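# fold the stuff below for me.
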Amino acid sequence: MVAGNRHRMMKVKFTPATLRKEHPKKWCYGIIAKINPLMNEDKQTNQINIVRDAEIHGRHRPKRVNRKYLINIAIVLLITILVLYFNLRDNLTAVMEAMVHVDYRFILLATGLVLLTFLLDGFILFILARLYTTRFTIGKGLGNALIGIFYNNVTPGHSGGQFAQAYTFKKQGLEISSAASILVMHFLLNQMALVTWGILAVSFKLKDFINIIQPITLLGINFPTISLAIIGFSLNFIVIVGIIFLAYSKWIHNFVINGLVGLLGKMKIIKHPEVTKSNLHLQIENFRIELRRLQSNIRVTIFLYILFMFRYFVIYSLPMVIAKSLPTITISGTLWDGIFMTSYLYVITNLAPLPGSAGVSELFFSHLFQTIFGSYAATLAPQLIWRTTTFYLTLIVSGFASAFYRSAPQEDNFRSDRRTFVELQKSTYAIRKLSSDTMWETSQLSRKDMIKEVTGDFLGIKARRKKAEELKKKQQEDARASAERKMKERLTLETDEFLIDPDDPVK
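So this is what the prediction gives:
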């Protein structure tokens, strides 16, 4: 009987009312006590699932930060402290005296210029994204730009920003293939502007740079500064020119992939030549389709190139603006001298595989600008202000954006580096190639129509013939209208004569 009751109880809905009604024995209330924790546990599980879904859709953000980025930030701070110690231990009095007399108007101007570079970055991404969607705003572009700046600053070699930006584009509503295209076009235009500034710096200031800049001594070894600058400029130039030649020259393409990579594979320098060939071929194809996309939008490409040039002008002018805030410094050069010197500085510091070029930026800033500011000690105060505004302020602002912007990467296991971005390009290659080919064919058709309209009648023969035909047609229409009008007038007169009665005095 007890067994039957237990069997019946298992078929009943487990609520206090049903158990109390059908099984009034005391041990039934003990079963309720065991069931309630299970019911509460199910509610907790459902709540966890809801929170997890909310995290995936960006409505709730976890607070933990990837340990790798915290380690990189700690490395940057440690190197900065060491550089500050060695720079200030013998020059603290001079630096403090310079800081006391600082003109804060120029500091505010420098800060405003840094914020302007953020807006320019966001506006550039906004224009590129509007090629794919009309729902992308400047605010989204600014948030995406700040996230890219943060991950570039906390990863070695500025290699972590692109994949983080692609992830953010996806959460902002763009297709992942469109995000990859935007970032590749952004890279190409940025390299073009960077190489242009490098060519200007080498063309106008190379002789002065060679004459005034002495080798830098590290650990008892002299490093020729000009060699580092030439290496940096050459790498930037080779990258963009190599991409263009590989993308448009099949002979160079085949020579590099089949000849050079194959030879290095036989020499055992490259361990997996076939994999390298496949990856290199895909990378070249990626650049080819994005270069074609840029060619399909010439006006947009030119406008973006001008924006990139202006952005670098603002960045390169910051050291001279900051130096103006320190009346204790005697500046011996012009604004353009400072701009070109900063161009040399950035190509050298970008060679350092450290997060934020920590330590290297401070060292070479003082080494290069001592020729403009008068002495090594005179560069320390502007160096501190320059590094604070261009890196630490940037790191703080972009860090807040990465932490609190709802579309920013928030997963604990998020990994952003060059390899993940390359994998992203591989996975979206087919759809990007299709859209690029379609855009190219459309632009070619419209361009042919425009060229035909502008240059198809170079001597104006067709235009004059068309004008004569239109004039003749108009004359014929006028003659026809005149004949019809005369006929109507004659008919009217004949009708009036027919209606007039000569015997009627009124008529």
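
# could I get the pLDDT score of residue 255?
pLDDT, residue 255: 78.

# any idea how far it is from residue 243?
15 Å (CB to CB, to the nearest Å). Any C-beta I mention is one placed from the backbone N, CA and C, and that applies to glycine too.

# equivalent analysis for residue 122, please.
For residue 122 relative to residue 243 (CB to CB), the value is 25 Å.

# same question, residue 263
Applying CB to CB to residue 263 and residue 243 gives a distance of 22 Å.

# residue 132 too?
Distance, residue 132 to residue 243, using CB to CB: 22 Å.

# and those two? Which one has more around it.
A direct count of neighbours by other CB atoms under 10 Å for residue 132 and residue 243 places residue 243 higher, at 20 against 17.

# let me see the contact set for that one.
Each residue near residue 243 by CB atoms under 8 Å, 6 or more residues apart in numbering is listed here: 188, 191, 284, 287, 291.

# any idea which helix or strand carries it?
Per DSSP states H and E: residue 243 is located in helix 225-248.

# want to throw the contacts of residue 243 into TSV with pLDDT, secondary structure and distance to residue 83?
What follows is those, written out as TSV (pLDDT from 0 to 100; DSSP: H, G, I helix; E, B strand; the rest coil; distance: CB to CB, whole Å):
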residue	pLDDT	secondary structure	distance to residue 83
188	89	helix	34
191	90	helix	29
284	79	helix	40
287	79	helix	37
291	82	helix	41
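
# of all those, which comes closest to residue 327?
residue 191 (38.8 Å; CB to CB).

# would you mind measuring the gap between the ends of stretch 155-167?
End-to-end span of stretch 155-167 (CA to CA, to the nearest Å): 16 Å.

# so residue 120 touches residue 310, yeah?
Yes. If you go by CB atoms under 8 Å, residue 120 and residue 310 touch, sitting 7.0 Å apart.

# more neighbours: which of these two?
residue 120 (19 against 14).

# can you report how many residues neighbour the nearest residue to the more buried one once chain neighbours are set aside?
Nearest non-adjacent residue to residue 120, counting by CB to CB, 6 or more residues apart in numbering: residue 311, 4.6 Å away. Counted with other CB under 10 Å, the neighbours of residue 311 add up to 19.

# what of residue 260?
Count around residue 260 with other CB under 10 Å applied: 12.

# okay, it: pLDDT?
We note a pLDDT of 79 for residue 260 in this prediction.

# just to revisit the earlier point, give me the helices and strands touching the helix or strand that the helix holding residue 243 is followed by, please.
The element immediately downstream of helix 225-248 (helix or strand, assigned by DSSP H and E) is helix 250-254. In terms of contacts (3 or more CB pairs under 8 Å, 6 or more residues apart in numbering; DSSP states H and E), helix 250-254 is packed against helix 225-248.

# quick check: buried residues in the helix it packs on?
Going by neighbour count (16 or more other CB atoms under 10 Å), the buried part of helix 225-248 is 225-226, 228-230, 232-233, 236-237, 240, 243, 246-247.
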